[in-house]
Structures are given as C-alpha cells and as structure tokens.
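Asks: Dropping the sequence and predicted coords here.
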Amino acid sequence: MAAPSPALTASGAESPDDRLRRLAGMPSGDALRIELRARVIEDWLPLAERLACRYAGRGEPLEDLRQVAAVALILSVDRFDPGLGVPFAGYATPTITGALKRHFRDTVCRIRIPRRSQELWARLASAGEQLAQREQRTVGLDELTADLGVDLARARTARLEASVQWVGSLDGDRGVPLREMVGAADPGIDGVETRCALRACLAELPARERRIVALRFVSELPQHRIAAEVGLSQMQVSRLLARSMARLRERFLA
C-alpha cells in the first residue's frame, strides 16, 4: 500500500485529494481498494450533482441526469492519474459535462438551431466555466464576451437560441405534469351570464315571492312545507309561485 500523503492535517485527517492519490497508488488486487474507491466516489459526488443540475429543465428528468453524471464521475475516478499534475476537478468536469451533452444528443429531440450559434454558445459556456473558476465568482455575459472579444449582441442571440433548442418533457421536471399546468374550459363558465341575469330578475320580485322561490328551487321544499314556513295556504303558495315564474320568464326572455 502506498504511504499516506504528507498533506495530512495536524489531526491526521485525510482530504479527498489525499484519498484519491492513495487510491491511484494501490494495486488493483488490494483488498482495501474497493472500500477506498467507494469513499473517493462519495467525496466527489457533489461535483457530479452540481454539473447535473446545470442541465435541469431541458427536457430530461433531473434524476436521469444525476445518474449520467455519477457514471461519468466513476469513470473519471478510475482513469485519473495524479502524476499528470492536473487537479481532479479539472479532469472530471469536462468528462462529466461531455457525458451529459452526449446524453441529450442521443436521447432528447432538439430543435435545430444554426451551427454558428451552437458553436458560439459552446465556446462561451466552456470559457465561462474556466473564467469563473479563475475569478472565483459568477461571470456575466458582457464580461465574458469582452474577455473573448466576441460581439455581445451575437452572444445574446446564441444564448437565446440555445435556451429554446431543448424540447421540454410533458411530464415536467418538478414533479408536476405539464397537463396539470395547462388551463381547460370551465364547464360552469357558460352559466355565469345566465345566473347574473336571473339574479337581476329575482331582485325585482317582492320579498315574500323571492323567499317562496328560494324555498322551492334552492331548498327544494314541497309546497305544503313552504306554506307552513311563510304562513300561507298551499293554494296561495301555488298561485304566488306560478305568478313569480311567469314574471321571471317574461323578464328573462325580454
């Protein structure tokens, strides 16, 4: 087994980079290699997660993107050579990003955009990652185009075209199917105008007749119960109902 890296902290804690270098130095038949390899992959999973999230909302479920990124991370861990002098993040990032792009190319239907815009945006995206790492902050499009000597208007056009080239999933990426977010015809909307007109007609009836109509057609009481409620005979209730309905019909159809 390779000797522990000298870059250990005073407490003896081993950093992810230390574990990665130790893994690269272990022979494939070492019994401890499997456990260490799993720990190294776990160390760098947040990097794969961040890269996968960059491609969310482009027509593929985020969980699928996480799996693609995780597989690419595992390949990066297995192929990484610390002797080349390249930081692991600098080696793994393009590997994972490339795997995600191939996933979209092979599985997601795209709207074709001009090749010039595709190439420009790919160049801007790659340069943006490098510049952001160098400056240790988010880099705006205006700053990026100035650094590359690219026309800002062209860069904005390329960004806009790149943003619409992916066909969105009908099942959505946030757990809400798109069909549930699209409006549908309300079957009750056609009755709104009728109800408003009827309400105006009812308001013209005397208070006692409005009450009788409400008891009959809202509370659905029989005429003998209505008669007991309003203190009239059933015959009187029948006549008032007939007169009210005739008045409403005449007013409503006028």
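Replies: Yes, it's here.

Asks: where does the stretch 1-150 of the chain dip in pLDDT?
Replies: Filtered on pLDDT under 70, the stretch 1-150 of the chain yields the residue ranges 1-12, 108-113.

Asks: measure Val192 to Leu198 for me?
Replies: 11 Å (C-beta to C-beta, to the nearest Å). C-beta coordinates here come from the backbone N, C-alpha and C atoms, glycine included.

Asks: who's more crowded, these two?
Replies: Per other C-beta atoms under 10 Å, whichever of Val192 and Leu198 has more neighbours is Leu198, with 14 against 10.

Asks: Show the contacting residues for that one.
Replies: Shown in contact with Leu198 (C-beta atoms under 8 Å, 6 or more residues apart in numbering): Leu248, Phe252.

Asks: Ala214 versus that one, what's the distance?
Replies: 12 Å.

Asks: before we move on, what about Leu23?
Replies: 82 Å.

Asks: With Glu193 instead?
Replies: Look at Glu193 and Ala214: by C-beta to C-beta, they are 21 Å apart.

Asks: Those two - which one has more neighbours?
Replies: Taking other C-beta under 10 Å, Glu193 and Ala214 do not tie; Ala214 has more neighbours (13 against 9).

Asks: can you tell me the helix or strand for Asp30?
Replies: Using DSSP states H and E, Asp30 sits in no helix or strand.

Asks: likewise Ala153?
Replies: helix 152-163.

Asks: where does the residue lying closest to Ser76 once chain neighbours are set aside land in three-state SS?
Replies: Leaving aside its sequence neighbours, Ser76 sits nearest to Ala92 (C-beta to C-beta, 6 or more residues apart in numbering; 3.9 Å). Reduced to three states with DSSP: H, G, I helix; E, B strand; the rest coil, the structure at Ala92 is helix.

Asks: give the contact list for Ala92.
Replies: Taking C-beta under 8 Å, 6+ apart, one finds Trp44, Leu47, Ala48, Ala72, Leu73, Ser76, Val77, Phe80 in contact with Ala92.
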